[in-house]
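Chemist: pasted the sequence and its predicted model underneath.
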There are 2 protein chains.
Amino acid sequence: MEKRTDAELILVGSELLNGEKQDHHLKYFGEVLKGVGLHLSECRMVGDDEELIAEIVRTRLTATHVLLVCGGLGPTEDDLTREAVAKGLNEPLGFSESAWEEIQSYFESRGRKVADTNKKQAYFPKGAVPIPNRNGTAPGFSLEKGGCFIAVLPGPPHELMPMVEDTVMPLLSRVLQRQPVFMETFRTTGIGESTLASIIEGVFAKFDMFVFSSLAFAGGVDIIVTERTPAQERDMLKKNAAVFEQELKRILGYKFYGKGTVSFEMVVGEALARRGMTLSIAESLTGGYIGKRITDIPGSSRYFLADVVAYSNEAKVRFLGVSENTLMRVGAVSEEVCLEMARGVREKTGATWGLSTTGIAGPEGGTEEKPVGLCYCGLSWNGGQKVRKRIFPGSRDHVRERIVYASLYMLYKHVMGE
Amino acid sequence: MEKRTDAELILVGSELLNGEKQDHHLKYFGEVLKGVGLHLSECRMVGDDEELIAEIVRTRLTATHVLLVCGGLGPTEDDLTREAVAKGLNEPLGFSESAWEEIQSYFESRGRKVADTNKKQAYFPKGAVPIPNRNGTAPGFSLEKGGCFIAVLPGPPHELMPMVEDTVMPLLSRVLQRQPVFMETFRTTGIGESTLASIIEGVFAKFDMFVFSSLAFAGGVDIIVTERTPAQERDMLKKNAAVFEQELKRILGYKFYGKGTVSFEMVVGEALARRGMTLSIAESLTGGYIGKRITDIPGSSRYFLADVVAYSNEAKVRFLGVSENTLMRVGAVSEEVCLEMARGVREKTGATWGLSTTGIAGPEGGTEEKPVGLCYCGLSWNGGQKVRKRIFPGSRDHVRERIVYASLYMLYKHVMGE
């Protein structure tokens, strides 16, 4: 018999295939399934095609331990997943009084009248158990057949995710009784991917129980550590991961800034809060993006005071006290103005740090002397200041993204006392 | 014989399946393929699994017109796509001197030495034509076999996209000689999905050459119009789409704000620019998010003056002239403070419009009287003002996203003279 795969995912929806909608479910499932020790071996994205979905269910039933199907459980005619799965399982659909009552009360609690078409959502393949949906009308369902656990869920993320976390994951843990895949993410910043690799290659070689991979993004590089083979002794893995962490700390210092899903903004914020420091920002080309990132973090009011987006020269003079003379002499995109912005916002708000950006995001507005992509970030503190010039390639979005990170990194470095 | 599908996509990469990486290729291909008249019928995402990839190629060769395979063309051992596709095609791999020379000169032009492992990238299945890659070392390749056009491409987006646009699309147009799929997107705001459906259902019925679908997001609803069957007379479709557009305008007015990929921020900006109006913003809970959105648009300096993110009460008083008395009496999250913020930023910058937000994004900081999700947006102009209270459910991110749109919609409505 064919060796079974751990888990497979089927995402149903024509909007995923015609460029209308960006999928986010695959990444989500890839992450959460590891929590119950499952590796996703394939994801198939298909349209609302009853025959194809039925055939996939039929053939994969004996070839995988876990089959997840999402999307197409709505009340309209082109929602065919329920019928397709029943056909693939070769089980008839039956009406559930209790599910129908729950759908009705979902509507009633919102002061709406249930439509006749919703009745369809109370039908399930024989042997299936409904999965309650507290954020929508479509219940899901799960069943076990031929050694395969199948769960069928609606597509909208705010309906699907609570159903996965409240019902599907507990069911899977019970059915499988596996331990989670051992994985840890170590986040670094301020070093490029290939330089980082050459610095720590030697360290990797000492840990043969792990597989290492790296993932670069605009603000840094993540190192992802996964167990090489399943069912290794958990304490041994944990101990080795802790030793690896110490090695990283020793080699990278503050450039290794955190583990797991912690964000750089969060680490910068915590570093400020721990020292009782405060931050104010003065932005030009980034237009509020740094402030947005800082305030993404709950509790940022402990250290964040204000952000002045001074897009026009008048606003730079009025709110930040930038000198008109400097603006006339060297222009808004200059070291001098960047530093005056940082100092201005710091002094006016009494913050520990004043952080600033100015530059040309493009696509228009560049000159030979000051090309598109030219950016400055500046930092002011009591008794000192620093400015950095960068020229970033790429689109307007890319340039803005890069200078946001560059400025946060400049702040972080100084807060850490470098 | 089985009816052939138009096109199928295979994305190779374990990082897509284990939650490490968000895929963006599927949406990209869904969009560009429509330009050559192709509908994607399925996308399969698989790991670096030679047997599985070979099997998919073998079985789909006779079942689809176009098969695209992306990822796994790198020089390392776990890059197996080249071998897998050759196996699936049942063609031997052969060495290409000219491709090898190009790989070598790619390295030389960057002052790097080519590694021996890169030699592997100069092997192609018999009958394949290399697809040049100007942004990386891995050339792709294409061939026709059994009535199927196959293209194999590297995974990194900045390598793949130019290869698709420069080589694959022109090849496909030539091979297929189809006209692009007729599709138009009509963007609306300020009306919920179900209300919108009930308002314009009657209009849909008049256009039986089209299929209509709708896509809701935080800021509005898109109506997507696609030709019902291929090869309908193009002029007739265009004429009918223009009539549909007129009907939408008549029924929805300014709530139908644009077509295609135009963003709401862009439309709001254009409306301001056309009228010679200017905008300043005062943000609290949104922390710079509105300013970021406004300045995402190139040329926004024509109408955008400044954004003061006054997170602390002191900053509200200092930069915006909010009265300490009001802050003490009713607190920062209140109608009164929201209006004082809008007026303050408008008066201090001399803008036509002052737009403001205040609220509690959560997850902490809510009280019985002022729960998490409570938000205000305010608008001030010469001779008038307006404030709106909303309570949004959901996460911190969701609350912030919703109030950003609500405030932009408030501004838009007033700019349009409603």
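Modeler: Structure received.
Chemist: does A:G19 touch B:G30 like I think?
Modeler: Yes - A:G19 lies in contact with B:G30 (Cβ atoms under 8 Å); the separation is 3.2 Å. From N, CA and C alone the C-beta is placed, and that goes for glycine too.
Chemist: and the contacts of stretch A:309-318?
Modeler: Here stretch A:309-318 makes contact (Cβ atoms under 8 Å, 6 or more residues apart in numbering or on different chains) with A:282-284, A:287-288, A:291, A:308, A:319-320, A:322-324, A:327, A:332, A:337, A:340-341, B:280-281, B:288, B:291, B:295, B:300-301, B:304-309, B:348-350.
Chemist: now with 7 Å?
Modeler: A:282-284, A:287-288, A:319-320, A:322, A:324, A:327, A:332, A:337, A:341, B:288, B:291, B:295, B:301, B:304-307, B:348-349 (Cβ atoms under 7 Å, 6 or more residues apart in numbering or on different chains).
Chemist: any idea how far A:M183 is from the one residue sitting closest to the centre of chain A?
Modeler: In chain A, the C-alpha nearest the mean C-alpha coordinate belongs to A:T261, at 8.4 Å (Cα atoms, centre = their mean). Distance of A:T261 to A:M183, computed by Cβ to Cβ, to the nearest Å: 12 Å.
Chemist: repeat that for A:K3.
Modeler: With distances taken as Cβ to Cβ, A:K3 is found 23 Å from A:M183.
Chemist: just to revisit the earlier point, so between A:G19 and B:G30, which is more surrounded?
Modeler: Each of A:G19 and B:G30 has its neighbours counted (other Cβ atoms under 10 Å in any protein chain shown); B:G30 has more, 25 against 18.
Chemist: is the helix or strand hosting the more buried one up against chain A anywhere?
Modeler: Assessed by DSSP states H and E, B:G30 sits inside helix B:25-34. Yes - applying Cβ under 7 Å from any Cβ of the partner chain, one finds that helix B:25-34 is in contact with chain A at B:L26, B:K27, B:G30, B:E31, B:K34.
Chemist: so who does A:L355 touch?
Modeler: A:L279, A:I281, A:A342, A:L379, A:S407, A:L411.
Chemist: and what of A:E265?
Modeler: A:R293, A:I294, A:D296, A:I297, A:L408.
Chemist: state whether the last one is indeed within a helix.
Modeler: Yes - according to DSSP: H, G, I helix; E, B strand; the rest coil, the state of A:L408 is that of a helix.
Chemist: how close does the closest residue to it other than its chain neighbours sit to chain B?
Modeler: In space, not counting the residues next to it along the chain, A:L408 is nearest to A:V268; the distance is 5.8 Å by Cβ to Cβ, 6 or more residues apart in numbering or on different chains. Using Cβ to the nearest Cβ, to the nearest Å, A:V268 is found at 14 Å from chain B.
Chemist: can you tell me the SS state at A:V268?
Modeler: A:V268 ends up helix, using three-state DSSP.
Chemist: what's the neighbour count on it?
Modeler: A total of 23 residues lie near A:V268 under the criterion other Cβ under 10 Å.
Chemist: got any ranges where the stretch 1-150 of chain A has weak pLDDT?
Modeler: For the stretch 1-150 of chain A, the stretches with pLDDT under 70 are A:1-2.
Chemist: show me what counts as buried in the next helix or strand after the helix holding B:G30.
Modeler: Using DSSP H and E, the helix or strand that directly follows helix B:25-34 along the chain is strand B:40-46. Judged by neighbour count using 16 or more other Cβ atoms under 10 Å in any protein chain shown, the buried positions of strand B:40-46 are B:L40, B:S41, B:E42, B:C43, B:R44, B:M45, B:V46.
Chemist: same question, stretch A:74-83
Modeler: A:G74, A:P75, A:D79, A:L80, A:T81, A:R82, A:E83.
Chemist: which of those fall in helices?
Modeler: A:T81, A:R82, A:E83 (DSSP state H).
Chemist: and which of those residues is nearest chain B?
Modeler: Distance to chain B across those (Cβ to the nearest Cβ) is lowest for A:T81, with 15.1 Å.
Chemist: ok now do A:V114, which residues does it touch?
Modeler: Residues in contact with A:V114 (Cβ under 7 Å, 6+ apart) are A:I103, A:Q104, A:F107.
Chemist: what does A:I403 give?
Modeler: A:I403 touches A:L285, A:T286, A:T357, A:G359, A:C375, A:C377, A:R390, A:F392, counting by Cβ under 7 Å, 6+ apart.
Chemist: so among those residues, where is pLDDT lowest?
Modeler: Of all these, A:F392 carries the smallest pLDDT score, 90.
Chemist: show me what from the stretch 151-300 of chain A comes close to chain B.
Modeler: Contact residues, the stretch 151-300 of chain A versus chain B (Cβ under 7 Å from any Cβ): A:L215, A:I224, A:G287, A:G288, A:Y289, A:I290, A:G291, A:K292, A:I294, A:T295, A:P298, A:G299.
Chemist: out of these, what pair is the most spread apart?
Modeler: Farthest pair in those (Cβ to Cβ) is A:I224 and A:G287. Separation: 32.8 Å.
Chemist: of these two, who's got more company?
Modeler: Using other Cβ under 10 Å as the criterion, A:I224 and A:G287 rank with A:G287 on top: 27 against 18.
Chemist: quick check: which element contains the more buried one?
Modeler: Assigned by DSSP H and E, A:G287 falls within no helix or strand.
Chemist: B:Y289 is in contact with that one, correct?
Modeler: No - between A:G287 and B:Y289 there is no contact under Cβ atoms under 7 Å: 10.2 Å.
Chemist: contacts only, for A:A197.
Modeler: Residues near A:A197 by Cβ under 7 Å, 6+ apart: A:S214.
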